[in-house]
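Enquirer: After the sequence you'll find the predicted model.
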Amino acid sequence: MIRLSAIAVLGALLLASPALSTEWISCAEAGGAASFDYLAGDGTGVLSIAAVTITAGERVWASDPANGPGDPVLIGQQFEDATTISVDAMGADFEKVAELRLFKASEGDMLVYAGTLRIPGMGAWAVACDPGS
Amino acid sequence: MRSLILAASLLLATPALATEWVYCGDAADEASVGLLLGGVEFVNISAVTLRAGTAEWASAEVYGPGAPIAVAQTYMGDDQLVVDLTDDNYNDVLAQLRVYTSEEGEDYVQGGVLRVPGHGAWVVTCEGP
């Protein structure tokens, strides 16, 4: 009986836990010259990135081959609050591969994310994001 | 005579305090903000214009049509341009401009968001100074 109660409590706790869903945030320059897509976890209250794919010209970086071919890349520092998002992507030797800096704004039913993407040695672009795709 | 020459050379050596407009707008030209920047490092805003749909504001008639508008607070640094615009009594926020700047090689870009309460929020890019 005690064992059944324990299982019931455990089950209730699991059901009560917030869902940890994920969604891709896709950021790109208007002409498609560069992009930065990241898979963000939702429900933890902080930015938690599970995967990232970056393109610039013919170059592609991907943290997970399951998301497509590309040079290896690691997720560096990541931060999100009510008005900003900052993400750095790092190479295998911890050199900076990309720097994404975004502001967020909402008004009525409009929600926009936009800012800049810098890829050292390649260029810098103004980017806009699809906040949740 | 010597003092006149010294005074003249000092005047000539003084850096020019130029002004230049920065314009930020969305791709569909639905909203835009113009900032007249001046000062030695272009960090002082001496005039402003704002447009959102058919609504227009200007800090003085000479800069364009529209209701009065004022610069409430501004911050330029750390690769950011942050500006809040209000009515000329500083009672109501009319617009919030939040822009990141980034440089790499010959690239210099400014991208961010413009929120105009009651009108909307837009992705904007900026040009100048």
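Expert: Cool, the structure landed. Model, not experiment: these values are computed from the prediction.

Enquirer: and chain B, which of its residues are near chain A?
Expert: For chain B, the residues found near chain A under the criterion C-beta under 8 Å from any C-beta of the partner chain are B:27, B:79, B:96, B:98-105, B:107-125. From N, CA and C alone the C-beta is placed, and that goes for glycine too.

Enquirer: Now list the buried members of the residues you listed.
Expert: Neighbour-count burial (16 or more other C-beta atoms under 10 Å in any protein chain shown) applied to those gives B:79, B:96, B:98-102, B:104, B:109-116, B:119-125.

Enquirer: Among those residues, which lie within strands?
Expert: Among these, DSSP state E puts B:96, B:98-102, B:104, B:109-116, B:120-125 in strands.

Enquirer: Which strand residues bridge residue 99?
Expert: Just going to use chain A. Beta-bridge partners recorded for A:Glu99 (DSSP bridges): A:Asp88, A:Arg118.

Enquirer: right idea, wrong chain: chain B
Expert: Beta-bridge partners of B:Val99, counted by DSSP bridges, are B:Leu81, B:Gly112.

Enquirer: wait, doesn't it sit right on B:Gly112?
Expert: Yes. Using C-beta atoms under 8 Å, B:Val99 makes contact with B:Gly112 at a distance of 3.4 Å.

Enquirer: Quick check on the residue positioned nearest the centre of chain B: phi, psi?
Expert: The residue lying closest to the centre of chain B (C-alpha atoms, centre = their mean) is B:Leu35, at 2.2 Å. Per-residue torsions, B:Leu35: phi -120, psi 120 (degrees, to the nearest 10).

Enquirer: Which single residue in chain A comes nearest to chain B?
Expert: A:Ala126 (2.9 Å; C-beta to the nearest C-beta).

Enquirer: How about the contacts made by that residue?
Expert: When contacts are counted by C-beta atoms under 8 Å, 6 or more residues apart in numbering or on different chains, A:Ala126 touches A:Glu29, A:Ala30, A:Ala114, A:Gly115, A:Thr116, B:Val109, B:Gln110, B:Gly111, B:Thr125.

Enquirer: Pairing partners for the residue nearest the centre of chain A in the sheet, please.
Expert: Central residue of chain A (C-alpha atoms, centre = their mean): A:Tyr38, 3.1 Å from the mean position. Residues in a beta bridge with A:Tyr38, per DSSP bridges, are A:Ile25, A:Val52.

Enquirer: Flag every residue of chain A that's near chain B.
Expert: Residues of chain A lying near chain B (C-beta under 8 Å from any C-beta): A:30, A:83, A:99, A:101-108, A:110-128.

Enquirer: Need the buried ones from those selected in PyMOL.
Expert: Selection of the buried residues among those in PyMOL, burial being defined by 16+ other C-beta under 10 Å:
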select buried, chain A and resi 99+101+102+103+104+105+106+107+112+113+114+115+116+117+118+119+122+123+124+125+126+127+128
